[in-house]
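Student: What shape does this take:
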Amino acid sequence: MDCLLIFNHLNDLVFAKYNLKLADHIKSLALNYGLISKEEANSPVDKNVFIQIFSPIVSSHRIMNFQFGNSYTTIEFGEKMKLCFIEYMGYLFMAITDRLFDGLINIYVSFARYLCGPDINQLKLDKRKSDLYATIIDQWQMLHNSEQAVLVEAVEQLLVNSEITAACLQSLKESVSKVNVHPESSKVHGVLIVDNKLLSLYSSPSARPLSSVDILFTIILTHCYNKSLEVIQSFAVYLAGPEPEPKCLPHSVHILEIFENTFLVYLVEVGDSTVSAALYETFYHLHKLRFIQVQREVESIQLGYENLTLAMKKLNDGLKKCKIKSVESPHRQIMKKWDVLKEKYKEYLRTTSDEPILRAETLALSFLDNLKNIYSISLSDELTLKTSAAHIEPAIPKLKDNLAIFKDFFIAKGIKNFTLGSRYFLTINKYLEDFPGLVHFLHVDRNTHRVTTPCLDMQAEKAQYIQEKIWFMFRLARSHLQEGNTTVIWKDKMFTYGYFLWFENSSGEALKIPVVGPMSDKCPGILTEDFYVKLKTSCFPKMSTSKVRIYELYVMHLGLVTAASILEQAKKLAATIWDLKGFPTHAIDLL
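Tutor: So this is what the prediction gives:
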């Protein structure tokens, strides 16, 4: 059973995604409660049925959350079933699932943020966007169950020789140069993706850098490409940008399959970056203030008001400089409402009486509608998508011609980047010769979130069994990391497993691992937030995160291999992985 429901502040249903099993269960409940007739039970579930059935628990969650600041995040019921909650920008996400993945609902919020930014109501108003959201969830679930890179939330680089690397980069550079001659499409990223692996990336000089999570999301998005159309397919998304201060800026994304399972993707930054960043901050602080003002804590309201005031100043300054004519009138309207709203907050902070804060709560809803109006006007829309798509079309033919000679190679490499049994490269053979008993490994550079791992040959004997063991290894290692354990070795009847996480300074010298406290409230990965940046800050609070490097290594050996041998092999593998990837050797010590 699997379901995702999103409710707004009025407990109205904004989005619903569910499987047939849950639909049948809901219909059965609705029949018992007299909410539907027997004839209606043969039709799709009406949204009002969901509202009526789940309204009591949604109301309960909101009361506990807003009035008492003591909300619950999970309710367990039945056999392995969970009801999970999370609030985002005034919208309540509720998931019903039997999956073992603790951070599932956080992933759903992240995907909604990528598609809608701070305005989740778009999922209710825009069917194309809600359909895409449902498809992204389906594709992510499929990839999470089959692709190692998506499992560990990292990007796998396609390993090709220097000649092909240079050819791909030069072709992307030429195509991006043709696109960014247009002023409204001057900030462009060109990306080549082959079967879930990053082949090449080139960004125009003025473009804000893509973060690893943006690239990972883009890879997932290519799976939403409808191959039967054979045309450029365009999407409006909001990319997070690099840590430590992600801004969720609007981009138009254009995807074309140039060869079999080889995708060309252009990501074009659109709108005014200053306005979009200020809008996001304003949405955030307004919702935060609405949350805390219910509890009537003056100090918290004071801080929330100050944060909202600062965000509004940024938004006002940005809108004054914005060159979009259609935003002038909404700008004047919102500033008038802000003048009234902030006076009510000032009055409450002076008197602490109920009247001004109650009035502020009412005014805030109207103010929020004005924010949404400005948001829709000033950011990406269908016209923007069509315009940027028209700009990239002329840049595609030459790039496709330049790379056509490599297309068969891309297909072969995409399917099998390398395996432990590969005999094509000397650097691969050493893994058979120097690591006796090694069955599988994953090395993750958590500074760039790049993963190096042998491909899984699903045609091989017992491939499904091996895959299940790898997924088991990852889940158990992740649970230990959340408990604060950075080195773990364990075994079952068939295999011995090892998980190692270590730190280095910017010179590649090992940093002594401090005692890592439990981080059970955080999910290792990058799709929800960069867990590893938080881990660096927690372990080395006096060092800049840019000067702390972090790596992970998962290894799976035959059961007869001893713990001492695994430690020794792990050190050697971590030291030599750079030879395989073509990067300089780093001196590290896992202990």
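Student: Every contact and neighbour count from this point should use C-alpha atoms.
Tutor: OK.
Student: Helix, strand, or coil at Leu199?
Tutor: Following DSSP: H, G, I helix; E, B strand; the rest coil, we place Leu199 in the strand state.
Student: Give me the pLDDT for it.
Tutor: Leu199 carries a pLDDT value of 95.
Student: Ok, Gly421 next?
Tutor: At Gly421, pLDDT is 55.
Student: can you check Asp272 too?
Tutor: So Asp272 comes in at 81 (pLDDT).
Student: Torsion angles phi and psi at it?
Tutor: phi -100, psi 120 (degrees, to the nearest 10).
Student: what does Asp46 give?
Tutor: phi -70, psi 140.
Student: Please apply the same query to Thr545.
Tutor: Torsion angles, degrees, to the nearest 10, at Thr545: phi -60, psi -30.
Student: That one against Val533, yeah?
Tutor: Yes. Here Thr545 reaches Val533: they are 6.8 Å apart, a contact under Cα atoms under 8 Å.
Student: Now do the helices in the stretch 51-200 of the chain.
Tutor: Under the criterion DSSP state H, counting those that start in this stretch, helices of the stretch 51-200 of the chain are mapped to 104-116, 122-125, 127-144, 148-151, 162-179.
Student: any idea where the helices of the stretch 351-500 of the chain begin and end?
Tutor: So, for the stretch 351-500 of the chain - with DSSP H, counting those that start in this stretch - the helices run 354-378, 382-392, 396-403, 407-415, 426-433, 463-482.
Student: and the ones you listed as CSV, adding distance to Lys124, mean pLDDT and mean neighbour count?
Tutor: Output for the helices of the stretch 351-500 of the chain, formatted as CSV (distance: least, Cα to Cα, whole Å; pLDDT from 0 to 100; neighbours: other Cα atoms under 10 Å):
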stretch, distance to Lys124, mean pLDDT, mean neighbour count
helix 354-378, 14, 89, 17
helix 382-392, 17, 84, 16
helix 396-403, 35, 95, 15
helix 407-415, 37, 82, 16
helix 426-433, 51, 51, 15
helix 463-482, 35, 93, 17
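Student: can you tell me which of those helices comes nearest to Met81?
Tutor: When the helices of the stretch 351-500 of the chain are compared for distance to Met81 using Cα to Cα, the nearest one is helix 463-482, at 18.2 Å.
Student: Contacts made by that closest one with the rest, please.
Tutor: Contact partners of helix 463-482, identified using Cα atoms under 8 Å, 6 or more residues apart in numbering, comprise 151-152, 456-458, 486, 488, 497, 499, 518-524, 554, 556.
Student: ok, of these, which come out buried?
Tutor: 151-152, 456-457, 486, 497, 499, 519, 522-524, 554, 556 (16 or more other Cα atoms under 10 Å).
Student: Same list as before, the helices of the stretch 51-200 of the chain that is, but in JSON lines and with distance to Thr384 included.
Tutor: Formatted as JSON lines, those follow (distance: least, Cα to Cα, whole Å):
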{"stretch": "helix 104-116", "distance to Thr384": "15"}
{"stretch": "helix 122-125", "distance to Thr384": "17"}
{"stretch": "helix 127-144", "distance to Thr384": "15"}
{"stretch": "helix 148-151", "distance to Thr384": "30"}
{"stretch": "helix 162-179", "distance to Thr384": "14"}
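Student: of all those helices, which lies closest to Thr262?
Tutor: Between those, helix 162-179 lies closest to Thr262; by Cα to Cα that is 12.2 Å.
Student: starting at the chain centroid, how far to the closest one?
Tutor: The chain centroid and the centroid of helix 162-179 are separated by 27 Å under Cα atoms, centre = their mean, to the nearest Å.
Student: Please name every helix or strand in contact with it.
Tutor: strand 188-194, strand 197-203, helix 382-392, helix 396-403 (3 or more Cα pairs under 8 Å, 6 or more residues apart in numbering; DSSP states H and E).
Student: Could you work out which of these reaches nearest to Glu355?
Tutor: helix 382-392 (43.0 Å).
Student: send the alpha carbons of that closest one over as CSV?
Tutor: Taking C-alpha atoms only, helix 382-392 is exported to CSV below (Å, rounded to 0.1, in the frame of the first residue of the first chain):
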residue,chain,number,x,y,z
GLU,A,382,4.7,28.5,-20.9
LEU,A,383,5.9,31.4,-23.0
THR,A,384,9.3,31.4,-21.3
LEU,A,385,9.6,27.6,-22.0
LYS,A,386,8.7,28.1,-25.6
THR,A,387,11.1,31.0,-26.0
SER,A,388,14.1,29.2,-24.5
ALA,A,389,13.3,26.0,-26.4
ALA,A,390,13.4,28.0,-29.7
HIS,A,391,16.8,29.4,-28.7
ILE,A,392,18.4,25.9,-28.1
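Student: orientation of that helix relative to helix 162-179 in degrees?
Tutor: 120 degrees (axes from the mean of the first three to the mean of the last three Cα atoms, to 10 degrees).
Student: which residues are contacting helix 382-392?
Tutor: Contacts for helix 382-392 (Cα under 8 Å, 6+ apart): 178-179, 182, 184-185, 232, 234-236, 252, 254, 266, 268, 270.
Student: repeat that for 7 Å
Tutor: Helix 382-392 is contacted from outside by 179, 185, 234, 252, 254, using Cα atoms under 7 Å, 6 or more residues apart in numbering.
Student: In strands, which of the buried ones among the contacts of helix 463-482 appear?
Tutor: Counted as lying in strands by DSSP state E, out of the buried ones among the contacts of helix 463-482, are 497, 499, 554, 556.
Student: Farthest-apart pair in those, please.
Tutor: Tyr499 and Met556 (9.1 Å).
Student: where does the residue of the chain positioned farthest from its centre land on pLDDT?
Tutor: What lies farthest from the middle of the chain is Thr351; by Cα atoms, centre = their mean that is 43.4 Å. For Thr351, the model assigns a pLDDT of 91.
Student: Distance check, it against Leu358.
Tutor: 13 Å (Cα to Cα, to the nearest Å).
Student: Kindly report the same for Cys539.
Tutor: In terms of Cα to Cα, Cys539 sits 44 Å off from Leu358.
Student: do you know how far Leu143 is from Lys413?
Tutor: In terms of Cα to Cα, Leu143 sits 18 Å off from Lys413.
Student: that older thread, want to try JSON lines for the contacts of helix 382-392, with distance to Ala166 as columns?
Tutor: Below are the contacts of helix 382-392 laid out as JSON lines (distance: Cα to Cα, whole Å):
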{"residue": "Val179", "distance to Ala166": "20"}
{"residue": "Ser185", "distance to Ala166": "25"}
{"residue": "Ser234", "distance to Ala166": "28"}
{"residue": "Ser252", "distance to Ala166": "27"}
{"residue": "His254", "distance to Ala166": "23"}
